[in-house]
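A.B. asks: 3D, please:
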Amino acid sequence: MALYGSLVETALGATSNSYASVAEADDYLDGIPTTYTTNWDAAGTTAEIKEDLLMWATRLLDTWVDWKGDKATTAQRLRWPRTNVSTPDGETVDGATIPQFLIEATTELARQLLAKDLTKEPTRGISRLKTGDVDITFDVNGRQRRVLLKSVQAYIHPYGTIIEGTARREAVRV
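C.D. replies: Residues are numbered from 1 along each chain as shown. Purely as a prediction, here's the structure:
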């Protein structure tokens, strides 16, 4: 059994915990150059690990994004499907299914989390070191790490606002 329980990606489900199934994630990643998917396809990356990553990515998206529109039902566990949401082309997003952009964003974030824990607290240390006449600058506050990298932000930008710490800012398409 996966660390976070069994993966449930049912739209509108009261027990759903992922926006993407392992099969959907694998299909999406099949279209990306293998240089970027090596870890995902590695022999040690079992279906259970992929499930955990997809569930973690889903939780992070629902935590770090203030989604547009309204939850489709009050009984659903996740924040999608949603109503009153349009695509960049003005088409209405189906309020009964998980949209393709969200499956892809979830998969992309899960792939990035496999490579590096983006939620890890920032480290403090030396931020600058100069050798001539020694000039050391210490980073006393730590460096703020973005949980949602630009590749994920590009997927979600038309559908929500990224929340970083206490500040809010619109995702910028890159």
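A.B. asks: make it CA atoms for all contacts and neighbour counts henceforth
C.D. replies: Fine.
A.B. asks: longest helix in this structure, please.
C.D. replies: Using DSSP state H, we find that the single longest helix of the chain is helix 47-64.
A.B. asks: for the helix or strand following that one, which helices and strands make contact with it?
C.D. replies: With elements assigned by DSSP states H and E, the helix or strand that comes after helix 47-64 is strand 65-67. Using 3 or more C-alpha pairs under 8 Å, 6 or more residues apart in numbering; DSSP states H and E as the contact test, the elements touching strand 65-67 are strand 160-164.
A.B. asks: could you pull up the mean pLDDT of the strand it packs on?
C.D. replies: On average, the pLDDT along strand 160-164 is 85.
A.B. asks: repeat for stretch 48-63
C.D. replies: Average pLDDT, stretch 48-63: 94.
A.B. asks: contact partners of that stretch?
C.D. replies: Applying C-alpha atoms under 8 Å, 6 or more residues apart in numbering, the external contacts of stretch 48-63 come out as 1-4, 6-7, 17-22, 40, 78-79, 106-107, 109-111, 113-114.
A.B. asks: out of these, which end up buried?
C.D. replies: For the contacts of stretch 48-63, a neighbour count by 16 or more other C-alpha atoms under 10 Å gives the buried set as 7, 17-22, 40, 78-79, 106-107, 109-111, 113-114.
A.B. asks: related to what we said a few turns ago, so of the contacts of stretch 48-63, which ones are in strands?
C.D. replies: Members of the contacts of stretch 48-63 lying in strands (criterion: DSSP state E): none.
A.B. asks: looking at those, which are in helices?
C.D. replies: Secondary structure from DSSP H places 22, 40, 106-107, 109-111, 113-114 of those in helices.
A.B. asks: identify the farthest-apart pair in those.
C.D. replies: Maximum pairwise distance in these, criterion C-alpha to C-alpha, is 14.9 Å, between V22 and L113.
A.B. asks: where does pLDDT dip in this protein?
C.D. replies: For the chain, the stretches flagged by pLDDT under 70 are 1-4, 34-37, 43-44, 116-129, 136-147, 164-174.
A.B. asks: any idea which residue sits dead centre in it?
C.D. replies: L109 (3.8 Å; C-alpha atoms, centre = their mean).
A.B. asks: tell me how many other residues crowd the spatially closest residue to that one that is not a sequence neighbour.
C.D. replies: Nearest residue to L109, sequence neighbours excluded (C-alpha to C-alpha, 6 or more residues apart in numbering): A57, at 5.7 Å. By other C-alpha atoms under 10 Å, the residues close to A57 number 27.
A.B. asks: any idea how far D89 is from T45?
C.D. replies: 37 Å (C-alpha to C-alpha, to the nearest Å).
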